[in-house]
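Engineer: Return a 3D structure for these sequence lines:
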Amino acid sequence: MKTLILALAGAATLAAALPALAGPDWTVIERARAEKRAAQRAALQQASCGQAATAPTPARAG
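Structural biologist: Down below sits the predicted model:
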C-alpha cells in the first residue's frame, strides 16, 4: 500500500513539474518582439515626420 501511495505521489509530482520543463512559449515571445518592432517603427516614423515639419526649408534659411 505504501508503494502505491509513493508511486501516485511521484506521478503527481512529475505531472505538476511537466509544464516547467516544457520550455518557452515561442509564439508569445515572437508576438511580443513583433509588437516591439512595430512600436519602434511607429516612433521612428513620427520622429522623422516631426523633424521634417520643423526643419527650415532652403528658401527660408537665408
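
Engineer: Report the separation between the residue most central in space within the chain and A12.
Structural biologist: Among the residues of the chain, A32 comes closest to the average C-alpha position under C-alpha atoms, centre = their mean, at 2.7 Å. From A32 over to A12 the distance is 33 Å, taken as C-beta to C-beta, to the nearest Å. Quick note: C-beta positions are derived from backbone N, CA and C, even for glycine.

Engineer: Neighbours of A16, how many?
Structural biologist: 9 (other C-beta atoms under 10 Å).

Engineer: Correction: the previous question concerned A39.
Structural biologist: Residues lying near A39 (other C-beta under 10 Å) number 10.

Engineer: ok, now the one 5 residues further on?
Structural biologist: Using other C-beta under 10 Å, L44 is surrounded by 10 other residues.

Engineer: Which helix or which strand is home to it?
Structural biologist: If you go by DSSP states H and E, L44 is part of helix 26-54.

Engineer: In the protein, where is pLDDT below threshold?
Structural biologist: Scanning the chain for pLDDT under 70 picks out 50-62.

Engineer: before we move on, the earlier item: gap between the helix holding L44 and the chain center?
Structural biologist: 14 Å (C-alpha atoms, centre = their mean, to the nearest Å).

Engineer: now do stretch 22-31
Structural biologist: Counting by C-alpha atoms, centre = their mean, stretch 22-31 comes out at 8 Å from the chain centroid.

Engineer: circling back: show me what the helix holding L44 packs onto, helices and strands only.
Structural biologist: For helix 26-54, there is no helix or strand it packs on, judged by 3 or more C-beta pairs under 8 Å, 6 or more residues apart in numbering; DSSP states H and E.

Engineer: Which positions within that helix qualify as buried?
Structural biologist: Under the neighbour-count criterion of 16 or more other C-beta atoms under 10 Å, helix 26-54 has nothing buried.
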